[in-house]
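Can you look at this prediction? I've put the sequence above it.
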Amino acid sequence: MNLSALILPLLLAVVAACGMGKRINLYEALTRGAEDGLTVLLHIIPALVGLLTAVSMFRASGAMDLLTSLCAPLLERLGIPPETAPLMLIRPVSGSGALAVASDLMAAHGPDSYIGRVAAVMMGSTETTFYTIAVYFGAAGIVRTRHTVPAALAADLTGFLAAALTVRLFFGT
């Protein structure tokens, strides 16, 4: 028996006990929570559609290939494999797009290669910045993100640099 099979019934029992002690109608609370969740979903869907469309257009237009080739010399000087440039461009925008790029890198170079390992560490040490801002800030009604975007992108850049350095330190090139 796995751990979640043991924890879930216990968690449900605790929640039910809390609801009974406060005389809360659990079914009503559940349906109200689901309704609130759907309302939030309706508010964030336009931002998600826009992000996914922009990523698809960016890849299909050839702009990603152009930007990747322009970034390659700088990335080499920084010790980052230039092959990971598409991942670095897509990761702040789309987690699923970044996963597709990382999968392509691992299929082409192997998961135990320097490039594959750097891509894996980049995926784990960076965030889908614009997606997160669109979803969570949109759900909370926050519209002013003046310092958030630059700070989050600086953190992503730090994660990209640290990924290449860490892999080089632990595994070599």
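Structure's in. What do you need? Numbers count the residues shown, from 1 in each chain.

Give the buried residues for the longest helix along the chain.
Looking across the chain with DSSP state H, the single longest helix is helix 26-60. Buried residues in helix 26-60, counted by 16 or more other CB atoms under 10 Å: 47, 51, 55, 58-59. C-beta: built from backbone N, CA, C; applies to glycine.

and of these, the nearest to L41?
Here the nearest of the buried residues of helix 26-60 to L41, counting by CB to CB, is A47; it sits at 11.2 Å.

From P73, how far out is that closest one?
Applying CB to CB, to the nearest Å, the value for A47 to P73 is 34 Å.

could you give me the average pLDDT of stretch 100-117?
Mean pLDDT, stretch 100-117: 93.

mind listing the helices for this structure?
Counting by DSSP H, the helices of the chain are 3-21, 26-60, 63-78, 85-90, 95-109, 114-125, 129-132, 138-140, 148-171.

quick one, phi psi at the spatially most central residue of the chain?
Computing the C-alpha centroid of the chain and ranking residues by CA atoms, centre = their mean puts T128 first, at 3.5 Å. The phi/psi pair for T128 (degrees, to the nearest 10) reads phi -80, psi 80.

Name the stretch among the helices of the chain that sits most buried.
Among these, ranked by average contacts under mean count of other CB atoms under 10 Å, first place goes to helix 85-90 (a mean of 23).

just how off-centre is that helix within its chain?
With CA atoms, centre = their mean, to the nearest Å as the basis, helix 85-90 stands 13 Å off its chain's centre.

same for the longest helix of the chain, what does it pack against?
Judged by 3 or more CB pairs under 8 Å, 6 or more residues apart in numbering; DSSP states H and E, the packing partners of helix 26-60 are helix 3-21, helix 85-90, helix 95-109, helix 129-132, helix 138-140.

Outside of the fourth one itself, list whatever touches it.
Judged by CB atoms under 8 Å, 6 or more residues apart in numbering, the contacts made with helix 129-132 from elsewhere in the structure are 48, 51, 92-95, 149, 152-153, 156.

from those residues, which is closest to M64?
For these, the closest approach to M64 (CB to CB) belongs to V93, at 11.0 Å.
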